[in-house]
Each structure stands twice: as structure tokens, then as C-alpha cells.
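J.: Here's my sequence, what's the structure:
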Amino acid sequence: MSGPTYPVNPKTRTCDLNGKSYTCFQIKFGFRYSTTSPFDNDVDLTYRLDGDSIYQAWGLGPRLFFPGEGKSVFEGSIRVPRQGAKTWAERTITAYLKPDTMAILHPLVVNLTWSLWEPSSNNKLFSIPGYRLSSLDGRPILNLLQRQYNELEIDFVKECGPDSVCISNLKLQAQLLLFGNPPTFSLGSSREIRAEIQVDNEDGEPAYNTELRVHLPERLFYVGMIEHSSGETRVSCRTVEDNSSVVICEIGNPVSKSSIQLFTLRLLTTMLRPWDTHLKIPLTLTTMSSDSNTSDNSVILKAKVVVDVDLSITGISHPRQVLYGGEQRGLSAMEYQAQIGTAVNHTYVIRNHGRGTAPGAVVKIMWPYEIQNTELHSNGKLLLYMTDVKLVGRGRCYPPEDHRNFLNLKPGNRPNLLTAPRQGTIDRKRWRVHVSRTLRKKADAREPRSLEDDFEENDFEEDDFEEDDFEDDDFEDEDYFEEESGEANPDPYSEGQLEGVVTLDCMSGTARCFEFNCTLDTLLVNRSVVITVEARLWNTTFTQEYPLVSHVDILSHAEVELVKNFENIQQSRSFNDKAVVVTKALPETRPFSLAEQVEVWAILLGILLGLLLLLLIALCLWKCGFFRRVSVREQYEAKYYTATKIPRAKVIETNFSPSYYESSIYDASKYETSFQ
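T.: You can find the predicted model right below:
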């Protein structure tokens with residue numbers, strides 16, 4: 001058995017098969033036999049060629065194939081002449097190298113096996129009773145003490161010196177394309193992270209079958225490779241079929257002497273979670289060649305994973321301005337929440353502006369419920385009466401039960417209670433059309449209104465309120481709307497002096513606050529949670545304590561704090577995690593102060609300046625004759641004129657023909673005339 005006498009060069013493709021060029025070589029083998037018995041007949045053999053048997057035993061694909069079906073196995077039969085013949089029974093088979101073969105470090109091993117040809121027998125005959133087997137005399141058998149196979153090695157062309165042993169010097173370098181020391185990846189900032197890898201063969205012989213193995217951590221996946229080396233692509237990467245966390249990259253094959261292979265791995269990060277605090281990626285470089293230094297063939301890439309969260313909180317009051325005044329009620333006289341005063345809602349919006357998901361947060365709200373101690377009320381007076389707390393989103397609030405509607409007042413208005421709508425700006429005169437004379441004073445003392453509320457016209461139809469709907473004795477108890485103590489309130493405007501702006505804030509010590517928390521669940525990027533604190537302005541407190549002020553500012557405070565369940569969670573900005581909501585309360589009616597009244601001397605000066613201006617205008621008109629009166633005689637008197645005789649004009653003859661006169665426009669200005 002023999003093959004090519006020279007090493008096979010995969011780059012030399014001189015054979016044509018089905019219109020394609022391949023690298024090919026021929027395999028020759030022959031048979032003859034010898035025996036000590038008197039047997040001297042031809043022998044039929046069957047044979048089998050197994051191409052690249054070693055690679056198949058390693059679980060790798062064969063590197064060659066035979067014509068026909070294109071398989072790496074070739075089977076056939078041959079007749080061997082009798083013992084006395086001097087010729088061999090020979091066969092020549094052409095083998096083709098696969099065009100994508102790059103593993104050329106190990107030679108091709110072709111295995112030839114053979115056996116005696118045996119005709120197929122009908123097994124059913126053996127089951128027939130009385131069937132006689134044919135005689136075995138004169139039939140040859142193979143000597144079992146001799147092998148029935150042969151091997152042939154076919155080398156490839158390699159640049160490994162005369163001994164065909166390649167000694168390389170590979171070096172692996174890798175880094176994650178991230179900033180920081182150590183490299184830091186912000187969760188959610190990018191869908192991918194990239195690992196730049198460089199393989200060098202420093203002053204070594206070509207390295208064949210060079211392979212890089214990358215072991216990825218959980219929830220980090222390989223999505224692609226970018227090769228930076230110029231020329232033909234020499235790096236290919238894939239994942240193992242049964243384990244997607246292992247990436248195998250075949251590099252160069254061979255990696256030539258003093259060459260550099262540079263490529264980048266793309267790794268998907270969308271499945272990473274906040275509890276993935278670190279990334280650890282081992283890389284190992286192997287080769288079929290002999291490596292002179294294996295200490296620099298392994299690298300471990302490490303990175304820190306942080307969750308960059310930016311929670312912000314903003315607040316707004318609805319309405320921003322409210323009015324107070326009019327009716328004053330005590331605690332025992334209240335049954336419905338609307339009797340307290342105008343509804344005031346403080347709304348807080350918590351939003352995640354960061355790049356990562358917030359695993360949780362706590363919102364702390366400082367709510368002003370009483371004004372600070374006064375001379376008349378040492379225990380303070382009610383300020384904003386909390387009725388409810390609502391949260392839209394993933395979370396829950398825990399307001400204290402001893403402050404949330406602690407009077408157990410019913411929502412809404414008292415049935416048949418003739419007051420204006422709870423919030424609105426409907427015209428008073430239109431409202432009074434349907435109110436009896438005896439109840440108009442009570443209608444004036446309706447619940448305070450908001451400056452920003454608006455109602456549709458059909459919300460208050462004229463048929464909804466008729467005089468017959470109310471009995472005279474519905475409001476006979478004049479003490480119903482009086483203060484609980486029964487003391488008459490002094491005239492709030494008797495002093496006649498208007499004060500400035502009053503600020504009620506627990507941070508400045510002018511109000512009392514209680515604190516309650518709202519816990520938020522996972523908050524995704526660019527998602528929000530809305531917390532609304534519903535309350536009522538305690539109208540009696542403001543009417544009694546601040547009747548002469550310009551307005552009252554009521555402040556509530558809120559702060560959001562990130563729950564750091566993991567060490568890698570960080571708040572990127574801290575200046576936007578606090579919010580203050582201000583509600584401006586104004587007296588419904590207030591007198592003008594002395595500072596707001598116009599001085600008498602200013603009024604007199606204005607009158608004098610106006611008279612002087614009128615005098616100047618009249619003088620100008622008189623100078624222009626505007627006031628001169630025309631007499632009736634001059635207006636209707638006839639005017640006479642003296643007539644004079646005008647002498648006849650004498651026309652001087654001129655030379656022009658009648659035809660010219662008929663065909664042209666006569667222009668008398670072209671000719672001279674004289675008068676006598």
C-alpha cells in the first residue's frame with residue numbers, strides 16, 4: 001500500500017471534480033496470497049478504505065473524501081490470481097482533500113482492511129429439515145495469526161523545520177472595553193460588552209490547530225465576533241452545542257511566525273441582574289503544536305457590575321391656590337369632609353432616570369397637620385386634615401391611622417345642605433336665584449372655593465335646586481354653624497392693618513408634622529410612581545388665625561431613599577431626591593389696608609393736573625378759531641359780481657389741408673391766436 005511520495009499542500013488545487021478544484025492524491029494497494037496446501041485457485045476478496053481514521057476516532061470530521069458518494073469510506077471487491085501467478089491484484093483510488101481543511105498538523109491516516117468474499121446465503125434453507133450443507137473442502141481461510149489491515153500516513157506541507165515538529169511561542173492578551181479600574185459596567189447602559197483579544201506567536205514556528213476557549217458566566221451570552229486582522233478571515237467562533245456558556249474560537253491554523261491575530265467578542269448583557277455584582281471570564285489558549293511557554297496562554301477577565309440608579313421626586317399642589325373664610329364650624333358640628341374646607345391634594349412623582357432598575361425605595365413624607373402653639377391654643381390647631389393616601393404604581397403607603405380621617409367623617413357633602421359646590425367658581429348671583437330670602441345669608445357662608453377649579457355648566461341645572469325642596473325649619477338652629485365654644489368671633493378686620501405672608505412649615509418650627517413612609521417595589525428605567533395625599537384645608541383655623549394676612553404658604557416635604565439590597569447599587573445624583581410642595585391659601589375677602597389706600601394729596605394733584613391740561617387744550621382750540629361763530633346774514637347773503645365784455649377772438653389762417661384735418665386729430669395748441 002502506498003500513497004503520494006511528497007507532502008500534500010492544501011493550497012495546491014490541481015484536480016477538478018464536478019466543476020470544482022480540489023487537492024487530490026492517489027492511494028495504491030495490491031493483493032497476492034501464498035499457501036502450503038494444494039489449493040491453487042483465484043480468491044475473491046472484499047476491501048474497505050477508511051480515510052482519516054484518527055480524526056474520526058477523536059470525534060472530528062474527516063479531512064478527505066472519495067469520489068462517488070463523497071464519503072470518507074470506500075468499499076470494493078477484487079479477485080486475487082492463483083498462487084503460481086506472478087502478478088498482483090492492484091487498485092488505485094483517488095482521494096480528495098476537503099477545501100476547508102486547515103488542520104494540517106497531524107497527518108492523514110488511511111486504514112485498509114480486507115476479508116474473504118462470501119456469497120450471501122439464504123438463511124431460510126438452514127431451517128428446512130434434512131437440508132445438507134455443502135462441503136468445505138477446497139475453500140480457503142485466512143491466517144488469523146497475520147493482520148488483515150494496513151495503514152498509510154500522508155503528511156502535509158508544514159513550515160516546521162526538517163524534523164516536522166512545530167515549536168511555537170503563543171501569547172494571549174485580552175481586555176474588556178470598559179472604563180474604570182477595575183473595569184466597571186453599569187447595568188442597563190448598553191446591550192453589549194466587548195472583549196478585545198490578541199494572540200501573538202513571538203519568534204516561534206507556526207502554531208497549528210490553535211484554539212481559544214472562553215467560559216462565560218451565567219446570564220452573559222455570546223452573540224458574535226469582529227475580526228480586525230486584514231486579509232482573509234482566519235478566526236471563527238462558535239458555542240458548544242450542549243453548553244452555550246463555552247465559546248470556542250479557531251485561530252489562524254496555523255498562526256504564522258511573528259503574526260498577530262486581533263479580534264473582538266461581543267457579549268450580550270440584557271439578562272444580567274442587580275445581584276450579578278461581578279463578571280469573571282476565563283480564557284485559555286491551546287495548540288496542537290509544542291508551545292515553548294504556556295504560562296502566558298491563560299487570562300481571566302474581571303469586571304465590576306454596578307446598578308446606576310437616579311431616583312428623582314417632584315411635587316405639586318392641586319389646587320395651587322385656595323380660598324378660606326366665611327363659615328366657621330366646630331368639631332362636633334362636622335359630619336362630612338366637605339364641611340372642613342377646600343380639598344387640597346399634594347402629589348409626588350417618583351421617577352427612575354438612571355440606567356439600571358431600582359430594586360426598591362422608601363419615600364418619607366412630612367405632613368403638616370397642626371399649626372404651632374398659639375396664645376389661645378397651646379396644643380395647636382388643625383391645619384391640613386388628611387383624608388386618604390393613594391399610590392399609583394408598584395408599592396404601598398403606610399399613613400398613621402390616628403391621623404388619616406381620625407374623625408371618621410363621611411366623604412362628600414351633607415345631603416340637602418344648601419351651600420355652593422365643594423370646589424368651583426360658579427357665579428354667586430346665578431346661584432342665589434334659586435335660594436329663598438331667608439337662606440341667602442347662609443348661602444353666602446358656603447364652603448371656601450378654589451381659585452383653579454372649574455365646573456361644567458350642566459353640573460348645576462336650574463331644576464336641581466328649587467325653593468320647595470327645602471323646609472324653613474331645616475336651618476332654624478342658628479347654633480349649627482357656630483363655633484363649638486359658643487363664643488362670638490371678633491371682627492377680624494377691626495384692627496384694619498393687613499399683615500404680610502405667613503409660612504407654615506415644620507422645618508422652620510411654624511407647624512407640626514407627622515412622618516409616614518411609602519415603600520416602592522422594583523422601579524424600571526424611565527418608570528414612575530405617583531403618590532397623592534388627599535386632605536382638607538381646615539377653614540376655621542385659617543379664618544380665625546390669619547384673617548388679615550396677604551396669604552399663607554403651607555409646605556409639605558418628601559424624600560426618596562434608595563433601598564440598597566446589594567452592594568453594587570449606587571445613586572448617581574442626590575440633589576433631586578427631595579421635594580417641597582407649597583399650597584397658597586388666601587382670605588376670601590379682605591379690606592384694603594392703609595398702605596393700599598391712595599393718599600389725598602395724590603388725588604388732589606391728579607385733579608389739578610387734569611384741569612390744567614383741559615385749559616391748555618381749550619386755549620389751542622380758541623387760537624385756531626374753533627370757537628368763532630359765523631352770522632346768519634353772512635352765511636346766506638348773495639354775492640354779486642361785475643361782468644366785463646370779452647372781445648371776439650380772430651383766428652389766423654394756417655396752411656393745412658382738409659384731408660389732414662379729417663384724418664388727424666386737430667390740436668389747436670399748435671397754432672397761434674391773437675385777440676383784438
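J.: hey, let's count contacts and neighbours off CA atoms from now on
T.: Will do.
J.: My read is that Leu524 contacts Gly356, right?
T.: Yes: with contact defined as C-alpha atoms under 8 Å, Leu524 counts as touching Gly356 (7.3 Å).
J.: higher neighbour count, those two?
T.: Ranked by neighbour count (other C-alpha atoms under 10 Å), Leu524 and Gly356 place Gly356 first, with 24 against 18.
J.: pretty sure the more buried one is touching Arg191, no?
T.: No: Gly356 lies out of contact with Arg191 (C-alpha under 8 Å); the separation is 12.0 Å.
J.: For the stretch 51-200 of the chain, just list every one of the strands.
T.: Using DSSP state E, counting those that start in this stretch, the strands of the stretch 51-200 of the chain run over 64-65, 73-80, 89-97, 108-116, 149-154, 167-168, 170-176, 184-186, 192-201.
J.: now the helix or strand that comes right after the longest one and strand 170-176, what's the angle there?
T.: Same thing as strand 192-201. Next helix or strand after strand 192-201 toward the C-terminus (DSSP states H and E): strand 210-215. Strand 210-215 runs at 30 degrees relative to strand 170-176, counting by axes from the mean of the first three to the mean of the last three C-alpha atoms, to 10 degrees.
J.: list the buried ones in the next helix or strand after strand 210-215?
T.: For strand 210-215, the succeeding helix or strand toward the C-terminus, using DSSP H and E, is strand 221-227. Neighbour-count burial for strand 221-227 flags Phe221, Tyr222, Met225, Glu227 (criterion: 16 or more other C-alpha atoms under 10 Å).
J.: confidence score at the second one?
T.: Meaning Tyr222. With respect to pLDDT, Tyr222 has a value of 94.
J.: show me the contacts for it.
T.: Thr239, Ser244, Ser245, Val247, Leu265, Arg266, Leu267, Leu268 (C-alpha atoms under 8 Å, 6 or more residues apart in numbering).
J.: Of these, grab the buried ones for ChimeraX.
T.: Burial among the contacts of Tyr222 is assessed by 16+ other C-alpha under 10 Å; the matching ChimeraX selection reads:
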select :239,245,247,265,266,267,268
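J.: got JSON lines for the contacts of Tyr222, with distance to Asp16 and pLDDT too?
T.: Shown next, in JSON lines, are these (distance: C-alpha to C-alpha, whole Å; pLDDT from 0 to 100):
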{"residue": "Thr239", "distance to Asp16": "35", "pLDDT": "92"}
{"residue": "Ser244", "distance to Asp16": "40", "pLDDT": "87"}
{"residue": "Ser245", "distance to Asp16": "42", "pLDDT": "91"}
{"residue": "Val247", "distance to Asp16": "36", "pLDDT": "94"}
{"residue": "Leu265", "distance to Asp16": "38", "pLDDT": "95"}
{"residue": "Arg266", "distance to Asp16": "40", "pLDDT": "95"}
{"residue": "Leu267", "distance to Asp16": "42", "pLDDT": "95"}
{"residue": "Leu268", "distance to Asp16": "44", "pLDDT": "94"}
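J.: just the contacts of Tyr222 now: which is nearest Glu202?
T.: Set against Glu202, the nearest of the contacts of Tyr222 by C-alpha to C-alpha is Leu265 (22.9 Å).
J.: so the closest one touches Met225, yeah?
T.: Yes: with contact defined as C-alpha under 8 Å, Leu265 counts as touching Met225 (4.7 Å).
J.: Packing partners of the host helix or strand of Arg512?
T.: Using DSSP H and E, Arg512 sits within strand 511-520. Under the contact criterion of 3 or more C-alpha pairs under 8 Å, 6 or more residues apart in numbering; DSSP states H and E, strand 511-520 touches strand 361-371, strand 395-398.
J.: want to throw those into TSV with mean neighbour count?
T.: Output for the helices and strands packed on strand 511-520, formatted as TSV (neighbours: other C-alpha atoms under 10 Å):
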stretch	mean neighbour count
strand 361-371	22
strand 395-398	16
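J.: and Ala585, which of the ones you listed is closest to it?
T.: Closest of the helices and strands packed on strand 511-520 to Ala585 is strand 361-371, at 14.0 Å (criterion: C-alpha to C-alpha).
J.: which helices and strands sit right next to the closest one?
T.: Helices and strands touching strand 361-371, by 3+ C-alpha pairs under 8 Å, 6+ apart, are strand 384-392, strand 511-520, strand 551-562.
J.: what's the closest of those strands to Asp155?
T.: Of all those, strand 551-562 sits nearest to Asp155, with 67.4 Å by C-alpha to C-alpha.
J.: what's downstream of the closest one, the next helix or strand?
T.: Counting by DSSP H and E, the element after strand 551-562 in chain order, helix or strand, is strand 569-571.
J.: which secondary structure elements does that following strand contact?
T.: On a contact count with 3+ C-alpha pairs under 8 Å, 6+ apart, strand 569-571 meets strand 298-309.
J.: so how far is the very next helix or strand once past the strand it packs on off the chain centroid?
T.: Next helix or strand after strand 298-309 toward the C-terminus (DSSP H and E): strand 311-318. Here strand 311-318 is found 22 Å from its chain centre; the criterion is C-alpha atoms, centre = their mean, to the nearest Å.
J.: Strand partners (parallel or antiparallel) of strand 311-318?
T.: In the sheet, strand 311-318 lines up against strand 343-352 (antiparallel) (DSSP bridges).
J.: And the pLDDT at Arg13?
T.: Looking at Arg13, its pLDDT reads 87.
J.: Quick check: closest non-adjacent residue to it.
T.: Take Arg13 and drop its neighbours on the chain: the residue closest to it by C-alpha to C-alpha, 6 or more residues apart in numbering is Thr23, 4.3 Å away.
J.: State the pLDDT value of the one you found.
T.: pLDDT, Thr23: 89.
J.: Wait, it touches Thr12, no?
T.: Yes: counting by C-alpha under 8 Å, Thr12 is a contact partner of Thr23 at 6.0 Å.
J.: And those two? Which one has more around it.
T.: Neighbour totals were compared for Thr23 and Thr12, and Thr23 leads with 19 against 11 (other C-alpha under 10 Å).
J.: All the helices of the chain, residue numbers only.
T.: Secondary structure of the chain by DSSP state H: the helices cover 53-57, 428-432, 440-444, 539-545, 600-623, 632-636, 658-663.
J.: among these, which gets the worst mean confidence?
T.: Across the helices of the chain, helix 428-432 has the smallest mean pLDDT, namely a mean of 33.
J.: Next up, the contacts around Thr541.
T.: Lys381, Leu382, Leu383 are the contacts of Thr541 under C-alpha under 8 Å, 6+ apart.
J.: Brilliant, that's me finished.
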